[in-house]
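**Student:** how would this look folded up:
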Amino acid sequence: QVQLVESGGGLVQAGGSLRLSCAASGRTFSRNVMGWFRQAPGKQRVLVAAITSGGSTHYTDSVKGRFTISRDNVKNTAYLQMNSLKPEDTAVYSCAASAHSDIIGQGMNYWGKGTLVTVSS
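**Tutor:** Down below sits the predicted model:
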């Protein structure tokens, strides 16, 4: 059974930092794109950042320069380092991975349950 399990969420003050982890099990994603999405209350889920197996990255404009996505293919784990957090970053952050693709922008097939990030002002 394939599982993606996020960790590292919590409550932080504006300007602070958090590091999210996404541990995958059940299969390897070393050749597949992985990404982080977020869903704020009352809003649609949106892509925050994505990374290919070779390390090419994509970020949504609102997090560029503040967030960094990375991965460890040996550990089958993806990370999201979030710095200079703002109240508008408050959301449930979910990890996702593609079953077959290594191209950013194509659909994800596997999803974690999410971890809540709350940024206080």
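
**Student:** the spatially most central residue of the chain pairs with what?
**Tutor:** For the chain, the residue sitting closest to the mean C-alpha position, by CA atoms, centre = their mean, is residue 36 at 2.3 Å. When bridges are called by DSSP bridges, residue 36 pairs up with residue 49, residue 95.

**Student:** show the pLDDT at it.
**Tutor:** Per-residue confidence (pLDDT) for residue 36: 98.

**Student:** isn't it up against residue 94?
**Tutor:** Yes: shown here, residue 36 and residue 94 form a contact pair, counting by CB atoms under 8 Å, at 7.2 Å. All C-beta atoms are positioned from the backbone trio N, CA, C, and that covers glycine.

**Student:** quick one: the residue nearest to the centre of the chain from residue 67, how far?
**Tutor:** Applying CB to CB, to the nearest Å, the value for residue 36 to residue 67 is 8 Å.

**Student:** which residues are in contact with both of the two?
**Tutor:** 48, 49, 80 (CB atoms under 8 Å, 6 or more residues apart in numbering).

**Student:** which of the residues you listed lies closest to residue 87?
**Tutor:** When the shared contacts of residue 36 and residue 67 are compared for distance to residue 87 (CB to CB), residue 48 wins out at 15.8 Å.

**Student:** tell me, how many residues neighbour the closest one?
**Tutor:** 23 (other CB atoms under 10 Å).

**Student:** show me the contacts for it.
**Tutor:** The neighbourhood of residue 48, defined by CB under 8 Å, 6+ apart, consists of 35, 36, 37, 38, 59, 60, 63, 67, 80, 93.

**Student:** export the shared contacts of residue 36 and residue 67 as JSON lines, with columns for distance to residue 113.
**Tutor:** Formatted as JSON lines, these follow (distance: CB to CB, whole Å):
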{"residue": "48", "distance to residue 113": "16"}
{"residue": "49", "distance to residue 113": "19"}
{"residue": "80", "distance to residue 113": "16"}
